[in-house]
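1. Below are the sequence and a predicted model for it; my questions follow.
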Amino acid sequence: MITFRDRMARGMSRTGWLESRHTFSFAEYRDPQHVHFRSLRVINEDRVVPGAGFPTHGHRDMDIISYVLEGTLEHKDSLGNGTRIRPGEIQRMSAGTGIMHSEFNPSKIDPLHFLQIWIIPSQLGLPPSYEQKNLPIEQLRGRFGLVAAPDGREGAVTVHQDARLFIAIIQAGEKIEHAVERGRGIWLQVARGIIALNGTEMREGDGAAAERETVIEVEAETDAEVLLFDLG
């Protein structure tokens, strides 16, 4: 069974410097039908104007993944990390017992477009930690490449949950598949382009939850980029 989440039905918040679309309930956006999917708690699609960003704030007991689509994300935290994340990289911050951080667009001219993802960890009270890696882009072309996993295998960042994140960059006309193990659930999020998921069209910003499916088939109608969460 596949349940689609239309991009236009997502929550939205807008300030002078930020436009954010919320797939699941977040901050002042409350939707009892869309609080989370299994351990996947947040997918926010954020667009930040040049020179602006999120001032220092705190988190606890959440694994937070940032994936930049356009521009540069500048990160600073209470662990002493000060980094910049760009397209082709992935960041994982585990808040654990508590962490403070800020996120800014350091550019004076270019906007920032990124996805912020929260995964509920299987254990509370973990030590806070940080990880950032370059993605093997060629291993994401035409296939689902693993970028986050509980064991950090294949160069993936480590998450503290029975959850795996795959990213695929596919060209128009390409078709790829992901086999689903029994009992697992899939969330597919379209980051760019137009695809068909098991025959149903999806566009940038659309999401879909799949339960009791054995195969996820994605066919690109245009050049596209998709995120697939494989969740226990």
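-> That came in fine, so what should we check first? Numbering: from 1, shown residues only.
2. Could you list the low-pLDDT ranges of this protein?
-> Nowhere does the chain drop to pLDDT under 70.
3. same thing but at 90, please
-> Low-confidence segments of the chain (pLDDT under 90): 136-139, 152-155.
4. In space, what's closest to the residue positioned nearest the centre of it - neighbours in sequence excluded?
-> The chain has residue 117 as the residue nearest its centroid, 4.2 Å off, counting by CA atoms, centre = their mean. Closest residue in space to residue 117, ignoring its immediate chain neighbours: residue 65 at 4.2 Å, by CB to CB, 6 or more residues apart in numbering. In short, each C-beta sits where N, CA and C put it, glycine included.
5. Same question for residue 66.
-> Once flanking residues are discounted, residue 66 sits nearest to residue 91: 4.4 Å by CB to CB, 6+ apart.
6. Could you give the secondary structure assignment for the residue nearest to the centre of the chain?
-> With DSSP: H, G, I helix; E, B strand; the rest coil as the basis, the three-state label of residue 117 is strand.
7. I'd assumed residue 67 was in contact with it.
-> Yes - at 7.0 Å, residue 117 and residue 67 qualify as touching, with contact defined as CB atoms under 8 Å.
8. before we move on, back to that, do you know how far the residue nearest to residue 117 is from residue 220?
-> Per CB to CB, to the nearest Å, residue 65 is found 23 Å from residue 220.
9. before we move on, what about residue 190?
-> Computed as CB to CB, the residue 190 to residue 220 distance reads 10 Å.
10. quick one: residue 222 is in a strand?
-> No - under the criterion used here (three-state DSSP), residue 222 is coil, not part of a strand.
11. these two touch, right, it and residue 194?
-> Yes - the pair residue 222 and residue 194 passes the contact test of CB under 8 Å, sitting 4.7 Å apart.
12. These two - which one has more neighbours?
-> Neighbours were counted for residue 222 and for residue 194 using other CB atoms under 10 Å; residue 194 has more, 17 against 14.
13. For that one, which non-adjacent residue is spatially closest?
-> residue 221 (4.3 Å).
14. Backbone torsions only: list them for residue 8.
-> Main-chain dihedrals, residue 8, degrees, to the nearest 10: phi -80, psi -10.
15. distance of it from residue 21?
-> Using CB to CB, we find residue 8 at a distance of 9 Å from residue 21.
16. can you check residue 10 too?
-> Noted for residue 10: a distance of 5 Å to residue 21, by CB to CB.
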